[in-house]
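J.: Please find the sequence and the predicted model below.
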Amino acid sequence: MPERPLSPHLTIYRMSRYTLLSSFANRLAGLAASAGLLVLAYWLTAAARGPDAYARARDLLGSPIARVLYALVLVAFLYHAVAGIRHLIWDTGRGLERAQSQRSAWAIAVVTVILASVLGWAFFLRGGI
Amino acid sequence: MSRRTALGQVLGHGSAKEGAAHWWAQRLTSVALVPLGVWLIVSLLALPALDHATVTAWMHGGTSALLLVLLTVTAAWHSQLGVQVVIEDYVHDRGWKTLALSLSTFVHVLIAAAAVLAVLRVALRGAL
C-alpha cells in the first residue's frame, strides 16, 4: 500500500483559523463528555447498590479534584451540545459560507460561556454535588 | 455498471453497503440527546439534595427511569460512534486500530448495560 496522507491533516492547516479550532475542540469536548457518561453510569450503579456503596461513590466524586473535573466535563458537554446543534444546522445546508461559519464559531463559544456560567451558578447555589 | 476499479474490487475496499448508516445514527442520536440532556441537567438541579434516599426516589419514578434508560443508551451509542471516528482517524496501525475499536465497543456496551441495570434495579424495587 502506498503511503497516502491520512485524514485529518492537522499539521497542514493554519491553527489560527478558528473554524478549524472549533471543530477540533468539538472532538475533544465529545471525548470529555464520554468520560462524563462513565461517571454517570458509575453514579447510577452506586445508587442501585445501596447507601454504603453510594456513600463511597460520593466521597470519591465529591473530592476537590473531582469537582474541578466535573466543571470541565460540564463545560465540555455544553460546548459539544451547542457545537452539535451547529452541525445539525449545517446538515440542513444552512450557514456553510465562510463568513457564516466564522461567525457561528464565535457564537457557540459565547453561548457555551453563558450556559456554563448560568449552570455553574445554579449548581453553586444548590451546594454542588 | 460498477464504477469501482478492478484493483479496488479485488482488494475488497470501497462500499461495505453501509452507506450513510453511521452518519445517520450519529445525527439521530444527537437530536435525541438534546432534550434528554436538558432534562437530566434540569432534573438534577431540581432535586433538593443528592443523598441516597432522594436520588433513588428520583430513579424510582417511572418517567425518570424511562428517560434515564433512554439517555444512557443513546449517549453510549452516540459516544461509541464518535470515539470510533476518532480512533479511525488517529490510530493508523491496523492491529492497534482493530484492538482500540473492539475495546471501545466493549466498554460502551458495558457502560450502557451497567447504567440500564442500575436504573432497573431501583425502578423495579418493590415490584418484583
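T.: Done, it's in.
J.: hmm, which helix or strand of chain B has the shakiest average pLDDT?
T.: Ranked by mean pLDDT, DSSP states H and E, the weakest helix or strand in chain B is helix B:6-11, scoring a mean of 76.
J.: what about that helix, distance to the chain center?
T.: Chain-centre distance of helix B:6-11: 34 Å, with CA atoms, centre = their mean, to the nearest Å.
J.: And stretch A:50-61, by the same measure?
T.: Per CA atoms, centre = their mean, the centroid offset for stretch A:50-61 relative to its chain is 26 Å.
J.: cool, stretch B:117-128 as well?
T.: For stretch B:117-128 - counting by CA atoms, centre = their mean - the centre lies 22 Å from the chain centre.
J.: what residues does it touch?
T.: For stretch B:117-128, the external contacting residues (CB atoms under 8 Å, 6 or more residues apart in numbering or on different chains) are A:41, A:44-45, A:47-49, B:56, B:59-62, B:65, B:68-69, B:72. C-beta coordinates here come from the backbone N, C-alpha and C atoms, glycine included.
J.: out of those residues, who has the most neighbours?
T.: The residue in the contacts of stretch B:117-128 with the most neighbours, by other CB atoms under 10 Å in any protein chain shown, is B:Leu68 (26 neighbours).
J.: Chain B: helices as residue ranges?
T.: Assigned helices in chain B, in chain order: B:6-11, B:21-46, B:52-60, B:62-90, B:94-123 (criterion: DSSP state H).
J.: if you compare those helices, which one is most tucked away?
T.: Each of those was scored by mean neighbour count; the highest is helix B:62-90, a mean of 18, by mean count of other CB atoms under 10 Å in any protein chain shown.
J.: quick one: that one to chain centroid distance?
T.: On the basis of CA atoms, centre = their mean, helix B:62-90 sits 2 Å off its chain's mean C-alpha point.
J.: what helices or strands is it leaning on?
T.: With contacts taken as 3 or more CB pairs under 8 Å, 6 or more residues apart in numbering or on different chains; DSSP states H and E, helix B:62-90 sits against helix A:18-49, helix B:21-46, helix B:52-60, helix B:94-123.
J.: Helix B:62-90 and the second one, what's the angle between them?
T.: To tie it back to what came earlier, the one meant is helix B:21-46. Per axes from the mean of the first three to the mean of the last three CA atoms, to 10 degrees, the angle that helix B:21-46 makes with helix B:62-90 is 130 degrees.
J.: and helix B:21-46, anywhere near chain A?
T.: Yes: against chain A, helix B:21-46 shows contacts by CB under 8 Å from any CB of the partner chain at B:27, B:30-31, B:33-34, B:37, B:41, B:45.
J.: Give me the lowest-pLDDT entry from the residues you listed.
T.: Scanning those for pLDDT, the smallest score is found at B:Leu45, 90.
J.: Could I get the contacting residues of the residue most central in space within chain A?
T.: The centroid of chain A falls nearest to A:Ala76 when counting by CA atoms, centre = their mean (2.1 Å). Counting by CB under 8 Å, 6+ apart, A:Ala76 touches A:28-30, A:32-33, A:36.
J.: so where's chain A uncertain?
T.: Residues of chain A that meet the criterion pLDDT under 70 lie in A:1-17, A:127-129.
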